[in-house]
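Trainee: Here is a sequence together with a model predicted from it:
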Amino acid sequence: MKKLASALLILPLLFACATKVNRINSAEVKDVSGRWNDTDSQLVAEEMINDCLNSGWYNKSVAKLGKEPVVIVGTVKNETMEHINTATFVEEMERALINSGKVEFVASKDERGELRQERLEQDEFASEETRKAFGREIGADYMLSGVLNSIVDSQSSKAVVYYQVNMKLLDIETNKIVWNGQKKIKKYVKHSKTSW
């Protein structure tokens, strides 16, 4: 009887510890930890895209080249103490810039390596009429690069977390910086216990 009573007392505790998952709208803002999250990534991408497309470099570039500029994504460094996948907002920027019809992108360094390997294999295995030739790649006019930094000021269970994202568009031929965008995000975070 004691064993049954003990089991009945423990059973609710087991169910209380079960994981519960709720689906939410991907546009809904949910800050859980106070660290970098999807909302921050989207805010950075939106501001950078608007600033990039509405800056003076674009009209100058079209006048100089006589066509839409071709861009490649370079390195975007994460210099924060957090693990942040910078690819999320870089991909968002790339997608929006391509879909604007104002900018063309070429494959990244890693993607180009895969494509070149595929052409090598096509040279050996694909039919003459379907194989793709080497030496037809489009050279980029500009490279997009950047850095993500943060400063954390914390004491006890409170913290102010400051993020600064700097993105640059570099002329590949001349090394000129033709656009420099910046987005700042500042959060005040209060935890119920010390976690910083």
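Mentor: Right, received. Where do you want to start? Numbers count the residues shown, from 1 in each chain.
Trainee: ok, and what's touching the helix or strand hosting V73?
Mentor: In the assignment (DSSP states H and E), V73 maps to strand 70-78. The set of residues external to strand 70-78 that reach it, using CB atoms under 8 Å, 6 or more residues apart in numbering, is 84, 86-87, 90, 94, 97, 103-108, 138-148, 167, 169-170, 172. For glycine as for every other residue, the C-beta is placed from the backbone atoms N, C-alpha and C.
Trainee: how about a cut-off of 7 Å?
Mentor: By CB atoms under 7 Å, 6 or more residues apart in numbering, the surrounding residues in contact with strand 70-78 are 84, 86, 90, 94, 103-106, 108, 138, 140-148.
Trainee: Quickly run through the sheet partners of it, with directions.
Mentor: Sheet pairing of strand 70-78 (DSSP bridges) gives strand 104-105 (parallel), strand 142-155 (parallel).
Trainee: so how far is the first one from its chain's centroid?
Mentor: In other words, strand 104-105. For strand 104-105, the gap between its own C-alpha mean and the chain's C-alpha mean amounts to 17 Å (CA atoms, centre = their mean, to the nearest Å).
Trainee: Residues contacting that strand, please?
Mentor: Applying CB under 7 Å, 6+ apart, the external contacts of strand 104-105 come out as 68, 70-72, 94, 98.
Trainee: Could you point out the helix or strand that follows it?
Mentor: Secondary structure here is assigned by DSSP H and E; on that basis, the next helix or strand after strand 104-105 toward the C-terminus is helix 109-125.
Trainee: so where's this protein shaky on pLDDT?
Mentor: 1-18, 21, 24, 26-31, 193-196 (pLDDT under 70).
Trainee: Can you mark which positions in stretch 158-176 are buried?
Mentor: Of the residues in stretch 158-176, those buried by neighbour count under the rule 16 or more other CB atoms under 10 Å are 159, 161, 163-171.
Trainee: again, but for stretch 96-115
Mentor: For stretch 96-115, burial by neighbour count (16+ other CB under 10 Å) applies to 96-97, 103, 105, 107-108.
Trainee: again, but for stretch 115-123
Mentor: Residues R119 are the ones in stretch 115-123 that count as buried (16+ other CB under 10 Å).
Trainee: quick one: that stretch to chain centroid distance?
Mentor: For stretch 115-123, the separation from the chain centroid amounts to 29 Å (computed by CA atoms, centre = their mean).
Trainee: Now that stretch - C-alpha only, PDB.
Mentor: The C-alpha trace of stretch 115-123 is given here as PDB (Å, rounded to 0.1, in the frame of the first residue of the first chain):
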ATOM      1  CA  LEU A 115      29.700  24.200 -58.600                       C
ATOM      2  CA  ARG A 116      33.300  23.800 -59.900                       C
ATOM      3  CA  GLN A 117      33.400  20.200 -58.700                       C
ATOM      4  CA  GLU A 118      30.000  19.600 -60.400                       C
ATOM      5  CA  ARG A 119      31.500  20.900 -63.700                       C
ATOM      6  CA  LEU A 120      34.500  18.700 -63.300                       C
ATOM      7  CA  GLU A 121      32.200  15.700 -62.900                       C
ATOM      8  CA  GLN A 122      30.100  16.800 -65.900                       C
ATOM      9  CA  ASP A 123      33.300  16.900 -68.000                       C
END
